[in-house]
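>>> sequence and predicted structure, then a few things I'm wondering about:
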Amino acid sequence: MEIIRLSGGHLPDFQELYIEFFRELRGKQGWNPHAEAEYRAEATHYFKRGDMIFLAIEKEEALGFIRVSSREGSFWIEELFVRPEFRGRGIGRALVERAEEEVRKHDDALYLFVLPQDKDAIAFWKRLGYDVINTIELVKDLEHLERLSFHTVELLGEPFRIFRWRGEKFTEEEKRFMELLEEFYRKGGTKEEFLRLVNQTLEKWLGKK
């Protein structure tokens, strides 16, 4: 297997992998993917504008890809995908390491977004040394939309919602926590009350009270 920088000759391979990436992602989310022509056009656009795109190739077959963009002076991993039948062989790691090697020529940090429902992806990135910082996504529906169902999670006592996915891998303790949290806020629980309860429990566990 080799990792190569995308060239025009391999653009069709990237387009097919890009389509497969979104087909799998939308399947997890329970959404319908866009038309394949739209994904092909997006893939072509990213190649032509100069994004860092690397393919994993073996015996002239494309196994996976990584795409890195640059915006506002920072580099971002936009997608990483390995075809399911080739997973578990270190291909994803090899793609990431090749991207990191290239980014080091320009900057000393590489960023990415991971959906909180994607526990496998979060575990993968943490194994590679990535850590969680900063971002919370907010939305305001300007017109009424029929959204999918949500889980309730929290950050420093503030309730947030995440989409329910097909094939979720939350543990029973995690599921129970989200259920209790949703009931707590539904019955009028506040951020201050939540933090007070958590602090009391932690202090008790630590033997501070």
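Received it, and whenever you're ready, just let me know what you need.

>>> phi, psi of Ala94?
phi -60, psi -40 (degrees, to the nearest 10).

>>> report the buried residues of stretch 102-122.
By neighbour count on 16 or more other C-beta atoms under 10 Å, the buried set for stretch 102-122 is 103, 110-111, 114, 117-119. Every C-beta, even on glycine, is put in place using the N, C-alpha and C of the backbone.

>>> taking the residues you listed as a set, which two sit the farthest apart in space?
Val103 and Gln117 (26.8 Å; C-beta to C-beta).

>>> which strands and helices sit next to whichever strand in the chain runs longest?
Ranked by number of residues, the top strand in the chain under DSSP state E is strand 61-71. If you count contacts as 3 or more C-beta pairs under 8 Å, 6 or more residues apart in numbering; DSSP states H and E, strand 61-71 packs onto helix 11-29, strand 52-58, strand 74-82, helix 91-103.

>>> picking up where we left off before, tell me which of the buried residues of stretch 102-122 fall in helices.
103, 119 (DSSP state H).

>>> circling back to that earlier point, is it possible to export the helices and strands packed on strand 61-71 to TSV including distance to Glu154 and mean pLDDT?
Shown next, in TSV, are these (distance: least, C-beta to C-beta, whole Å; pLDDT from 0 to 100):
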stretch	distance to Glu154	mean pLDDT
helix 11-29	22	94
strand 52-58	36	98
strand 74-82	26	96
helix 91-103	30	97
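
>>> nearest to Ala43, of the ones you listed?
helix 11-29 (4.2 Å).

>>> turn the buried residues of stretch 102-122 into a markdown table, columns for distance to Gly129.
Putting those into a markdown table (distance: C-beta to C-beta, whole Å) gives the following:
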| residue | distance to Gly129 |
| --- | --- |
| Val103 | 14 |
| Leu110 | 10 |
| Tyr111 | 13 |
| Val114 | 14 |
| Gln117 | 22 |
| Asp118 | 18 |
| Lys119 | 18 |
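
>>> deepest-packed of the helices and strands packed on strand 61-71, please.
The highest mean neighbour count among the helices and strands packed on strand 61-71, using mean count of other C-beta atoms under 10 Å, belongs to strand 52-58: a mean of 20.

>>> check the gap between the residue nearest the centre of the chain and Leu25 for me.
Nearest residue to the geometric centre of the chain (C-alpha atoms, centre = their mean): Val114, 2.3 Å. With distances taken as C-beta to C-beta, to the nearest Å, Val114 is found 12 Å from Leu25.

>>> what helix or strand is Ile133 on?
Ile133 is part of no helix or strand when elements are defined by DSSP states H and E.

>>> distance of it from Leu110?
For Ile133, the distance to Leu110 - C-beta to C-beta - is 12 Å.

>>> now Phe170
28 Å.
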